[in-house]
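Enquirer: attaching a predicted model along with its sequence, questions to come.
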Amino acid sequence: MNRDARLIALALLLWGFGEGLFFHIQPLYIEQLGATPLQIGALLSIANVVRAITYLPAGILADRLPRKWVMVGGWATGLIGVLLVGFARTWQGLIPGLLIYAASAYCIPVINAYLAHAVRGRGVARAFTMVFAGYAAGGVLSPAIGGWLAEATAMRVVYFASAFLFIVSMLAIVWVSPQPVTLPATTSGRWRSLLNGRFVRFAALVVVIFVALYLAFPLASNFLKDTGGWRVARIGMLGSFQSLGTALFNPLLGWLGDAQRRQDSEPNHSVGRGLTVGVGLVWSSVLILLLAKHFPLLAGAYLLRGAYQGCRSLTQARATGLAGEADRGLLLGATETLIAAAQVIAPYVAGWLYASDPTFPFLSALLLIPLALLLGIVEPRS
C-alpha cells in the first residue's frame, strides 16, 4: 500500500460513501418519478448491461493510454451521471444519467491495472483487496444516512450530496502519480492473450464459480420478505453488514492470496488458497441465510456474504499473472466482463428456480459452489 494505492483507497472510500447514500433507495426514487415496477426493473437491467460492455474496451484503453487520466475520466463520467439523475423530473429524463453513471464502472479494470503496476507486481492480491475494502467501508453507514436525508429533505438532494463526495473523491485520483504506457512489440497478436489455453481455462472457471456464487444473491431480499415476513427496513439494514464484511474479510483474503502467490513457482489459473477461503465464506452465508430465523443470524450471514467482493478482487489478481504488462489491461477487462456475464446469467436462473420454490436458488447454490470449487482445485496448472 504505497502512496498511490492509499490515494485510490481514499478515493474509493469517498465514492463508496457517496454511492451508498442513494444506491439502496434508487428504485424508490425512480418510482417517485412515475415509473412502474416493470419499468424500474428494465432500467436497472439495461444499466447492468451497460456496465458489462464497458469493461473490455476500458481494459484495452488501459494498455494504450495513461491510466491515471482514464481513471479521472471515469470519475468525471460518474459525477455527470449522478448530477443528471438528480436533476431529472421524469423517469424518462432519468435514463441518460442512469446509463452514463453505469458506464463509469469501466474504471474497475483500469484501477486494477494501475494498482498492479503501482505495487510492481508485489502484494497484488493485498493491494486489490485492501483498496476495494475502502469502497466497502464507505457503504457501511451511508445507506442509513441517505435514507434519513431523503426523508428530511427530498430524494434528489441525496444525489447532490453524493455529487459533492464524488468531486472530493476525484481530487484524490488527480493526485495519483502518472504511469508510463507500455506498448506491445506488435499489435497484430494482442488478442492471442485471450485465446491461449491458460486464459481460456481460467475464463471458463471464472464463469462457473461466479454463477454459483451469485445465484443466491438476486432474490435474497424477496426470500426474506416472502418466507420470513421480514420488514423492508430490517432487510435494508443487512446491506450495511455485507459492506462491513467486505471491509473485514478483504484484507485477510488478500494476505492469503499473496502468501500462496509467493510460494507458486509460476502463475496459474487454478483456484488459490485465498479464493478457496472466500468461496467457503460465501457458501456458509447461503446456508445460514436459508436456515436462520433470527435477525442476528441473518446479520452474520450477510457479514460472511461480504467475502464475495474479496473473491472478485482475488480473481482479478490471479488474472494479472496470465499476461505481461502490455496486455494486462486487456486481460483484466476481459475477466471483469466474464464476472459481469455471470451476474447477468445467475439472476435469470435464480428467477426460474424461485418460481418453482423459493428455496431452490439457495439449495442450488449450496450444491454448485462446492462443485465449482472442486473443478478449480483439480484443474491442471499448465
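Expert: It's in. Numbering: from 1, shown residues only.

Enquirer: shaky segments in the chain?
Expert: In the predicted model of the chain, residues 1, 121, 182-193, 195, 232-233, 236, 259-271, 323-326, 377-382 satisfy pLDDT under 70.

Enquirer: where is the longest helix in it?
Expert: In the chain, taking DSSP state H as the definition, the longest helix is helix 232-263.

Enquirer: enumerate the positions of that one that are buried.
Expert: Counting neighbours by 16 or more other C-beta atoms under 10 Å, one finds that the buried residues in helix 232-263 are 235, 237-250, 252-254, 256-258, 261. For every residue, glycine as well, the C-beta is placed using N, CA and C.

Enquirer: for that helix, packing partners?
Expert: Using 3 or more C-beta pairs under 8 Å, 6 or more residues apart in numbering; DSSP states H and E as the contact test, the elements touching helix 232-263 are helix 124-138, helix 142-152, helix 220-228, helix 273-291, helix 295-305, helix 307-320.

Enquirer: can I get the last one in CSV? Just the C-alpha atoms.
Expert: It stands for helix 307-320. Once side chains and other backbone atoms are set aside, the C-alpha atoms of helix 307-320 remain, and they are given as CSV (Å, rounded to 0.1, in the frame of the first residue of the first chain):
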residue,chain,number,x,y,z
ALA,A,307,-16.4,-12.1,1.2
TYR,A,308,-17.9,-12.0,-2.4
GLN,A,309,-16.0,-8.8,-3.3
GLY,A,310,-12.8,-10.4,-2.0
CYS,A,311,-13.3,-13.3,-4.3
ARG,A,312,-13.8,-10.9,-7.2
SER,A,313,-10.6,-9.0,-6.3
LEU,A,314,-8.6,-12.2,-5.9
THR,A,315,-9.8,-13.4,-9.3
GLN,A,316,-8.5,-10.2,-10.9
ALA,A,317,-5.2,-10.5,-9.0
ARG,A,318,-4.9,-14.1,-10.5
ALA,A,319,-5.5,-12.7,-14.0
THR,A,320,-2.6,-10.3,-13.7
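
Enquirer: now for Leu238: which residues touch it?
Expert: Leu224, Leu298, Ala299, Tyr302 (C-beta atoms under 8 Å, 6 or more residues apart in numbering).

Enquirer: do Gln309 as well
Expert: Counting by C-beta under 8 Å, 6+ apart, the residues that Gln309 touches are Phe132, Ala136, Thr246, Asn250.

Enquirer: got the contact list for the first one?
Expert: Applying C-beta under 8 Å, 6+ apart to Phe132 gives the contacts Leu12, Thr246, Asn250, Gln309, Arg312, Ser313.

Enquirer: how about TSV for these, with distance to Asn196 added?
Expert: As requested, the contacts of Phe132 are arranged in TSV below (distance: C-beta to C-beta, whole Å):
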residue	distance to Asn196
Leu12	32
Thr246	32
Asn250	30
Gln309	28
Arg312	23
Ser313	23
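
Enquirer: biggest separation within those residues, which pair?
Expert: With distances taken as C-beta to C-beta, the most widely separated pair in those is Leu12 and Arg312, at 13.7 Å.

Enquirer: picking up where we left off before, in TSV: the contacts of Leu238, plus neighbour count.
Expert: Supplementary listing: the contacts of Leu238 in TSV, determined by neighbours: other C-beta atoms under 10 Å:
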residue	neighbour count
Leu224	20
Leu298	23
Ala299	19
Tyr302	22
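
Enquirer: okay, buried residues for the helix or strand hosting Ala341 please.
Expert: Under the criterion DSSP states H and E, the helix or strand holding Ala341 is helix 328-356. For helix 328-356, burial by neighbour count (16+ other C-beta under 10 Å) applies to 328-343, 346-347, 349-350, 353-354.

Enquirer: packing partners for it?
Expert: Using 3+ C-beta pairs under 8 Å, 6+ apart, helix 328-356 sits against helix 37-64, helix 107-118, helix 192-195, helix 197-214, helix 307-320, helix 360-378.

Enquirer: of all the ones you listed, which one is nearest Gly147?
Expert: Go through the helices and strands packed on helix 328-356 one by one with C-beta to C-beta and the one that ends up closest to Gly147 is helix 37-64, at 17.9 Å.

Enquirer: mind listing what's buried in the closest one?
Expert: For helix 37-64, using 16+ other C-beta under 10 Å, the buried residues are 40, 43, 47, 50-52, 54-56, 58-64.

Enquirer: from the residues you listed, which is closest to Leu94?
Expert: Leu43 (7.8 Å).

Enquirer: wait, what's in contact with the closest one?
Expert: When the contact criterion is C-beta under 8 Å, 6+ apart, the partners of Leu43 are Ile30, Ala35, Trp91, Leu94, Ile95, Leu98.

Enquirer: so which of these wins on neighbours?
Expert: If you count neighbours using other C-beta atoms under 10 Å, the busiest of those is Ile30, which has 24 neighbours.

Enquirer: any idea how far Trp226 is from Pro358?
Expert: Careful, residue 226 is Asp; it's not Trp. 6 Å (C-beta to C-beta, to the nearest Å).

Enquirer: since that was my last question, I'll sign off now.
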